[in-house]
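Undergrad: predicted model and sequence below, questions to follow.
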Amino acid sequence: MTARAARDVVVHPDATLLAQATAARLLVALVDAQSHRAPLHVVLTGGTVGIATLAAVAASPVRDAVDWSQVHLWWGDERFLPDGDGDRNETQARDALLTALGDALPTANVHPVPALDDTVPTPEAAAEAYAAELARYADDGRQVPRFDVLLLGMGPDGHVASLFPGHPAVDVDGVATAGVHGSPKPPPLRVTLTFDAIRGAREVWVVAAGAEKATAVASALASAPVSVTPAAGALGTERTLWLLDAAAAADLPAGGAPA
Ligand SMILES: O=C1O[C@H](COP(=O)(O)O)[C@@H](O)[C@H](O)[C@H]1O
């Protein structure tokens with residue numbers, strides 16, 4: 001399965017509507033997919049719009065149309081901090097959505113990146129343990145499950161997951177995860193999916209809002225080198241979708257983005 005370089009772009013008026021529309025899109029995508037396959041594997045993102053999207057999922061009555069017992073949740077990246085730290089993407093996702101889903105979402109279906117503790121002292125140890133968990137759900141000789149939807153936020157520098165411009169993790173291949181040191185965005189220690197893992201997803205959705213992201217959005221959609229704008233390398237095998245607010249789309253050519 002080869003990732004496709006063509007990208008679709010949808011622009012919403014503002015960040016609030018972007019999060020609500022992304023939540024609606026995600027819920028319908030899950031309901032549709034559940035009509036013909038199970039279980040589903042969804043990769044969550046941290047970041048401003050990513051967490052607002054999860055909160056919008058929690059607030060939607062359509063969430064009850066999804067059979068959450070057949071949905072597995074993963075993360076595209078994690079800040080390497082102790083369990084329960086408020087800066088962990090997992091903690092924020094639990095607060096925004098997972099707690100609200102309650103018993104509908106079995107605990108065993110939630111696969112956070114291991115947190116910093118005595119048994120997991122380094123990002124590399126967490127990355128290795130997370131890769132092992134991913135491999136448990138993989139088939140067809142793959143390293144990760146066939147993700148149905150993989151959500152990614154994007155930083156103003158063009159990073160996705162914890163793949164930062166010029167950082168070694170951008171070039172890691174052959175493995176599903178990597179430890180990250182010296183992230184330019186705090187905290188410095190992180191764990192990330194690699195591009196190998198991301199590009200195996202059926203659908204990759206990059207969600208970004210705000211004028212400070214406009215330059216990186218335009219760069220990624222013009223297929224800049226991933227060493228410069230990592231988001232350019234975020235591709236799905238069936239679809240790559242960019243979901244933007246008007247401010248983030250401001251530097252795109254009129255009418256959207258080139259493929
Ligand atoms: O640190 C992170 O940042 C990005 C983007 O965050 P945003 O607040 O600028 O939207 C996010 O995608 C990533 O998961 C997270 O770890």
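TA: That came in fine, so what should we check first?

Undergrad: so what touches the helix ranked longest in the chain?
TA: Criterion DSSP state H: the longest helix present in the chain is helix 15-34. By CB atoms under 8 Å, 6 or more residues apart in numbering, the list of residues contacting helix 15-34 from outside reads 10, 12, 40, 42, 48-49, 52-57, 59-60, 62-63, 65-67, 70-71, 148-149, 151, 203, 205, 207, 209-210, 243-245, 247. Bear in mind the C-beta positions are built from the backbone N, C-alpha and C, glycine included.

Undergrad: likewise for stretch 115-132?
TA: Contacts of stretch 115-132 (CB under 8 Å, 6+ apart): 78, 80-85, 88, 90, 111, 113-114, 143, 175-181, 189-192.

Undergrad: stretch 54-73 now?
TA: Stretch 54-73 is touched from outside by 19-20, 22-24, 26-28, 30-31, 34, 38-44, 92-93, 96-98, 100-101, 104-106, 109-111, 137, 145, with contacts defined as CB under 8 Å, 6+ apart.

Undergrad: so which bits of it are buried?
TA: Buried residues in stretch 54-73, counted by 16 or more other CB atoms under 10 Å: L54, A55, A56, V57, A58, S60, R63, V66, W68, V71, H72, L73.

Undergrad: and those residues, which of them are in helices?
TA: Short answer: the buried residues of stretch 54-73 in helices (DSSP H) are L54, A55, A56, V57, A58.

Undergrad: as CSV, the residues you listed with pLDDT would be great.
TA: Shown next, in CSV, are these (pLDDT from 0 to 100):
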residue, pLDDT
L54, 98
A55, 98
A56, 98
V57, 98
A58, 98
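
Undergrad: closest one of those to the ligand?
TA: L54 (11.8 Å; CB to the nearest ligand atom).

Undergrad: so out of everything in the stretch 1-150 of the chain, what residue is nearest the ligand?
TA: Closest point on the stretch 1-150 of the chain to the ligand, by CB to the nearest ligand atom, is G47, at 2.6 Å.

Undergrad: I should have written the stretch 51-200 of the chain there, sorry.
TA: For the stretch 51-200 of the chain, CB to the nearest ligand atom, closest residue to the ligand: G153, 2.5 Å.

Undergrad: quick one, helices of this structure?
TA: For the chain, applying DSSP H gives helices covering 15-34, 48-59, 89-93, 99-101, 123-136, 195-198, 214-221.

Undergrad: what residues does the stretch 151-259 of the chain have near the ligand?
TA: L152, G153, M154, G155, S162, K185 (CB under 6 Å from any ligand atom).

Undergrad: return a ChimeraX selection command for the buried portion of these.
TA: Selection of buried members from those for ChimeraX, criterion 16+ other CB under 10 Å:
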select :152,153,154,155,162
